[in-house]
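*Asks:* Quick check, what structure comes out for this input:
(one chain, ligands or ions: 1)
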Amino acid sequence: MGIEILNGISLPNIPWQDRPEGCIDTIWRCGINPIIPRGLISGSNSIFNSAVVPFNGAFAGVFRVDDKARRMAIHAGFSEDGLNWTINERKIEWINDDPETAKANVWDYGYDPRCVWIEDRYWITWCNGYHGFPTIGVGWTKDFREFHQLENAFLPFNRNGVLFPRKIGDEYVLLSRPSDNGHTPFGDMYLSRSKDMTYWGRHRLVMQPEMPWESLKLGAGPIPIETSEGWLVFYHGVLQSCNGYVYSFGACILDSEEPWRVKYRCEEYLLSPQEPYECVGDVPNVAFPCAALCDKDTGRIAIYYGCADTCTSLAFCYAEEVVEYVKSHSKKYF
Ligand code: BMA
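*Replies:* Okay, here's the model as predicted:
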């Protein structure tokens, strides 16, 4: 590999399919998409925008499950191969000693989780309803059975909270996208820092929409991948068509030590909704990545993305090829 994956892990069992013959795209779809159908568990209306991590030699994850009352909740799930999943019928019940935030969880909602191993545990962030308004929830687990909740990171309104996989300096770092209480016809990516996962500050703007495919809003997707070129961040970008929002995803590279500084940013999307399962569903034309597995030895990346707010799919790429593509389709930022 021309680039190195830093602080990564060997993942010889990463779910993988080679690029199909004749495919010239940097990212290609798994041939058996969608890998998680909407009705995988008995009560589910849809399972999408979900996060997956390596766990005990296999895989675990936190899944956005909307039930048939259309309540949005997060469920834990397990898989031997990253393709076939068993998802708990019951949603995650957070252990939370603070009566104020615990109470909000009883009747509020949670969706679009991200998950990352930092130091000694798996951290989970998600869009958490606080008295009916979206903000960023923060919690952790060691075993995907017991889940502990901390304070919300921010005041409402905010979505797409994505942690970096290590402290930078002596601080945890979180990307987020301030929003409104509706479908948010705007959205820039910001970064905040914390010494204790509770108090967040030193906020910086990371990026705003620039190109037509992301002209309405954008937000971070999977946990950033550290490479010798900087942080590789897949992010979703949204355009407004005559017929509604269209969610595609692309990638950028952020500076290693000052990750609010964009080094390169791909002018083109890497994957846009084109397959029937991405274009037809509860919300048409949505490809929304929330997790990426990466094997440090081969640079293979498997991206989990929600399709049409209905089901979950996989796409594949090589870190080196994505970094090269982003660099060669970007202006130089600094
Ligand atoms: C966003 C979130 C996502 C969803 C997307 C498209 O605001 O609700 O969960 O995938 O809209 O509907």
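*Asks:* Can you tell me how far Pro209 is from Cys252?
*Replies:* Distance of Pro209 to Cys252, given as CB to CB, to the nearest Å: 12 Å. Yep, even glycine has a C-beta here, placed from its N, CA and C like the rest.
*Asks:* So between the two, which is more surrounded?
*Replies:* Cys252 (24 against 18; other CB atoms under 10 Å).
*Asks:* Quick check: buried residues in the helix or strand encompassing the more buried one?
*Replies:* Element membership for Cys252 (DSSP states H and E) is strand 244-254. The neighbour-count check on strand 244-254 (16 or more other CB atoms under 10 Å) flags 245-254 as buried.
*Asks:* next one: stretch 141-160
*Replies:* Burial within stretch 141-160, assessed by neighbour count using 16+ other CB under 10 Å, is assigned to 141, 144, 147, 149-150, 152-154, 156-160.
*Asks:* helix, strand or coil for Tyr199?
*Replies:* Reduced to three states with DSSP: H, G, I helix; E, B strand; the rest coil, the structure at Tyr199 is coil.
*Asks:* same question, Glu324
*Replies:* Using three-state DSSP, the structure places Glu324 in helix.
*Asks:* which non-adjacent residue is nearest it?
*Replies:* Closest residue in space to Glu324, ignoring its immediate chain neighbours: Gly2 at 7.6 Å, by CB to CB, 6 or more residues apart in numbering.
*Asks:* Could I get the average pLDDT for stretch 218-236?
*Replies:* For stretch 218-236, the mean per-residue pLDDT is 98.
*Asks:* isn't there a strand covering Leu40?
*Replies:* No - Leu40: not assigned to a strand; according to three-state DSSP it is coil.
*Asks:* So what's the residue count around it?
*Replies:* For Leu40, the count of nearby residues is 19 (other CB under 10 Å).
*Asks:* Likewise for Asn13?
*Replies:* Neighbourhood size, Asn13 [other CB under 10 Å]: 15.
*Asks:* where does it land in three-state SS?
*Replies:* Per three-state DSSP, Asn13 ends up coil.
*Asks:* That one against Asp81, yeah?
*Replies:* Yes - Asn13 lies in contact with Asp81 (CB atoms under 8 Å); the separation is 7.1 Å.
*Asks:* Mind listing the shared neighbours of these two?
*Replies:* Jointly contacting Asn13 and Asp81 under the rule CB atoms under 8 Å, 6 or more residues apart in numbering are Ala58.
*Asks:* Pull the contacting residues for the residue nearest the centre of the chain.
*Replies:* Computing the C-alpha centroid of the chain and ranking residues by CA atoms, centre = their mean puts Cys290 first, at 2.1 Å. By CB under 8 Å, 6+ apart, Cys290 lies in contact with 49-51, 112-114, 221-222, 304-306.
*Asks:* Model confidence score at it, please.
*Replies:* Among the per-residue scores, Cys290 holds a pLDDT of 98.
*Asks:* Tell me if it really is in a strand.
*Replies:* Yes - counting by three-state DSSP, Cys290 is found in a strand.
*Asks:* returning to what we had before: what's the closest of the buried residues of stretch 141-160 to His203?
*Replies:* Taking CB to CB as the measure, His203 lies nearest Phe154 of those, at 9.4 Å.
*Asks:* Bridge partners for Ser176, pull those for me.
*Replies:* Residues in a beta bridge with Ser176, per DSSP bridges, are Tyr190.
*Asks:* show me the contacts for it.
*Replies:* 136, 153-154, 158-162, 189-192, 220 are the contacts of Ser176 under CB under 8 Å, 6+ apart.
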